[in-house]
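J.: 3D, please:
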Amino acid sequence: MFRVTSQHGFHITFENGVTASVQFSDRHHCSTRRLLPRERDQCPNAEVAFFRDDTWLTKEIDPEHRYDDRDIGYVNSDDLVPLLVAAAAYPAWVLLDTMFVHGQTLEIYGRVAGNGNGYDRYKATFNGHDIVTSPGLMLSRVVVTAYFAKHLEMNGNERR
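T.: As a prediction, this is how the structure comes out:
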């Protein structure tokens with residue numbers, strides 16, 4: 001999906017849920033900052049950022065980024081294409097299991113490995129929020145159930 005963002009650029013959201021933000025204005029890390037106002041509707045480079053579900057992924061998609069964890073500055077059109085390809089190929093989360101603990105729904109997801117062989121990370125979510133993640137080790141029902149029950153007790157959310 002494509003979306004225009006306040007006349008400063010655009011967003012592209014890929015099937016894996018990753019959104020690429022491409023922005024150029026006097027408020028972004030690009031050459032437009034130094035251009036005269038009448039020249040600001042075009043720019044030789046842009047600020048680029050990547051995110052999914054309120055999580056910044058810029059550093060993971062381009063580990064050699066040039067600014068902070070959220071954006072890459074002064075990206076020209078030739079350098080943008082490989083970044084967009086990397087964002088589109090970024091591993092997606094796949095729902096593996098749904099269970100119920102104390103009447104609450106708990107979901108276990110696996111993240112597709114970059115090489116396409118299995119999963120490289122697992123997470124459990126409750127009400128859309130990650131409550132536990134595991135690098136490379138499958139979260140068993142016993143471990144997740146125990147963690148989830150403890151999580152409910154600690155937060156006073158357990159239904160009786």
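
J.: Tell me the spacing between the residue nearest the centre of the chain and residue 44.
T.: With distances taken as C-alpha atoms, centre = their mean, residue 52 lies nearest the centre of the chain, 2.8 Å away. Look at residue 52 and residue 44: by C-beta to C-beta, to the nearest Å, they are 28 Å apart. Heads up, the C-betas are built off the backbone N, CA and C, glycines and all.

J.: Quick one: the helices in this structure, in order.
T.: Assigned by DSSP state H, the helices in the chain fall at 58-61, 77-89, 141-155.

J.: Export those to TSV and append columns for mean neighbour count and mean pLDDT.
T.: Output for the helices of the chain, formatted as TSV (neighbours: other C-beta atoms under 10 Å; pLDDT from 0 to 100):
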stretch	mean neighbour count	mean pLDDT
helix 58-61	19	85
helix 77-89	14	92
helix 141-155	14	69
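
J.: and residue 48, which of these is closest to it?
T.: helix 77-89 (6.0 Å; C-beta to C-beta).

J.: what does that closest one contact?
T.: The set of residues that contact helix 77-89 without belonging to it, under C-beta atoms under 8 Å, 6 or more residues apart in numbering, is 12, 14-16, 18, 20, 22, 45-46, 48, 50, 57, 61-62, 72, 75, 114.

J.: any idea how this structure splits into domains?
T.: Using automatic domain parsing, the domain ranges for the chain come out as 2-89, 93-155.

J.: Where among the ones you listed is average confidence lowest?
T.: By mean pLDDT, the lowest-scoring of the domains of the chain turns out to be domain 93-155, with a mean of 75.

J.: thinking again about what came up before, next up, the contacts around the residue nearest to the centre of the chain.
T.: By C-beta under 8 Å, 6+ apart, residue 52 lies in contact with 16, 17, 18, 19, 90.
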